[in-house]
Structure formats: C-alpha cells, structure tokens
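# With the input below, show me the fold.
(one chain, ligands or ions: 1)
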Amino acid sequence: MSQDELKKMAGKWASKYIEDDMTVGLGTGTTVKFLVDAVAERLNNKTLKGIRAVCTSSRTANQAKGLGIPVVDLNDVSHIDLCIDGADEVDEHFQGIKGGGGAQTLEKMVATNSLRNIWIVDASKMVKQLGTFPLPTEVIPFGCERVFTKLKWAGLEPKFRLDDAGKRFVTHNGNYIIDLHLGRIDHPHKLAQYLDRQVGILEHGLFLDIVDEVVVGTNDGVREYKALR
Ligand SMILES: O=C[C@H](O)[C@H](O)[C@H](O)COP(=O)(O)O
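Predicted coordinates for the structure are as follows:
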C-alpha cells in the first residue's frame with residue numbers, strides 16, 4: 001500500500017473516536033486531511049452530530065469549514081475533549097516529534113488543552129529512537145541570528161527552514177523555523193528543557209508525555225498502541 005493509503009486508513013479509523021457533541025482538536029498535515037474528510041462524511045451520513053472543532057492551522061480550518069464542520073476558536077472553549085493529530089516520528093515510549101509542516105506551536109497549545117490526545121500515522125513514522133527527522137524550533141525574527149548561533153555552539157546542527165522559493169519559511173505566527181539536524185536524540189526531556197529555556201524560541205516540536213494513543217496505518221491493517229499514563 002502507498003504511504004497515502006496508510007495515512008488514510010489511520011485517519012478514517014480515528015474518526016470513530018469522535019462522539020456526539022464533543023469539542024474536538026484537529027491537527028495539521030496530510031494525515032489529518034484524511035481525518036477531516038472522514039469526520040465530514042460522518043456528519044453527512046448522520047452517524048455524528050453536534051461537534052465543534054478547534055483547528056491548529058488555517059489549512060485545517062479552511063478544509064473543515066469548507067466541508068461544513070463547525071469551527072471555533074481555542075479562546076472560546078473551556079476544554080477540548082479529544083485532539084487528533086499527525087506526527088513526524090513516534091518512539092516506543094510514546095514521545096514524538098511534530099512540526100514538519102511548521103504548525104507545532106498551535107498544535108502544542110491545542111494538545112495541552114485536550115483531555116485526550118490521539119496521533120494518526122503511517123507505519124514509517126514509528127521509530128526506535130527520535131531524531132532522524134529534523135526537530136523544528138519556531139523562533140521569533142528579532143534576534144534570531146543570535147539564537148541560531150547559540151544552537152550551533154551547543155552542537156545542535158541548526159538550519160533555517162526555507163520555503164519553495166528559497167526564502168526563510170514563515171509560520172502562521174510570522175516567525176521562522178530553525179530545524180535541528182540531530183540524527184538521534186538520546187535524552188528528549190533534557191533537550192526539551194534546554195530548548196524551553198532559550199529566549200527567542202517560541203516553541204519546539206518535541207511532544208513529550210502528551211499522547212495517549214497512537215493509531216498506525218500498516219500493510220496488515222490498523223494497529224493501535226495505548227500509553228499507560
Ligand atoms: O506541522 C505539522 C504537523 O506537526 C504534522 O502533524 C506532522 O508534520 C505530520 O504531518 P503529515 O501527516 O503530513 O506527515
């Protein structure tokens with residue numbers, strides 16, 4: 001099966017976890033796109049009603065609105081029942097890297113305001129150790145060269161992310177992304193603490209101790225893994 005078919009399988013499967021009248025967090029990315037399609041299908045065929053969605057990007061919000069899914073702002077809800085999002089890497093301790101599409105700051109806001117988090121991935125995202133996928137950090141433009149230099153001195157192999165035109169990639173929040181090309185991350189919590197301390201880094205893509213369940217599309221069907229939290 002193609003990677004897209006595996007993503008679609010995971011997205012469609014996870015849509016069944018959404019129940020009537022829930023406030024749902026919808027992530028960002030190519031896997032979530034399939035989830036949003038499946039949610040709209042459930043609303044249309046009346047197997048689901050009364051939901052509202054908090055979206056983690058304008059891409060997802062536009063798709064959801066276009067398909068008739070009611071979209072609300074994070075500021076207008078007291079909590080989110082369930083957030084479903086994609087991921088770039090997930091290890092066997094349920095730690096993950098996100099932000100391949102540059103949406104990690106809004107995604108972390110939504111995830112940490114959700115009672116339950118599910119990630120939907122194709123099998124290639126499941127890894128023994130995090131770090132092959134470059135770790136995204138979102139930096140504010142003011143003083144970003146200083147932040148870059150500090151990350152370089154710390155041996156974290158930083159590179160500014162570029163867009164298709166070869167210009168610096170700009171996030172939803174008007175910031176830049178510096179990707180850390182680490183190869184492997186031996187101590188994710190230590191690294192997250194270091195990045196959290198750096199003034200000028202708004203957020204990074206290490207999502208630690210957040211996910212409750214991972215839904216994986218594999219050639220043998222869907223596999224579900226539950227974290228014991
Ligand atoms: O910024 C993007 C998000 O973190 C995505 O959820 C992540 O990159 C996975 O995206 P995809 O499902 O397209 O592989």
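
# going forward, measure contacts between C-alpha atoms and count neighbours the same way
Fine.

# Run through the residues of this structure sitting next to the ligand.
27-32, 85-88, 98-104 (C-alpha under 6 Å from any ligand atom).

# could you redo the last one with a cut-off of 8 Å?
Residues of the chain lying close to the ligand (C-alpha under 8 Å from any ligand atom) are 7, 27-33, 85-88, 97-104, 107, 120-121, 205.

# Can I get the buried part of those as one PyMOL selection?
Listed next is the PyMOL selection for buried residues among the residues of the chain next to the ligand, using 16 or more other C-alpha atoms under 10 Å:
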select buried, resi 7+27+28+29+30+31+32+33+85+86+87+88+97+98+99+100+102+103+104+107+120+121+205
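
# Return the subset of the residues of the chain next to the ligand lying in strands.
85, 97, 120, 121 (DSSP state E).

# For those, give me TSV that also has pLDDT.
Compiled in TSV, these are given as follows (pLDDT from 0 to 100):
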residue	pLDDT
85	98
97	98
120	98
121	98
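
# Would you point out the most distant pair within those residues?
Farthest pair in these (C-alpha to C-alpha) is 97 and 120. Separation: 12.9 Å.

# Go through the chain and flag its longest helix.
helix 30-44 (DSSP state H).

# So which other helices or strands are in contact with it?
Helix 30-44 sits against helix 3-14, helix 58-66, strand 82-85, strand 117-122, with contacts defined as 3 or more C-alpha pairs under 8 Å, 6 or more residues apart in numbering; DSSP states H and E.

# Let's see that with 7 Å instead.
helix 3-14 (3 or more C-alpha pairs under 7 Å, 6 or more residues apart in numbering; DSSP states H and E).

# Please enumerate residues in contact with the helix it packs on?
31-32, 34-35, 38, 120-122, 215-218, 222 (C-alpha atoms under 7 Å, 6 or more residues apart in numbering).
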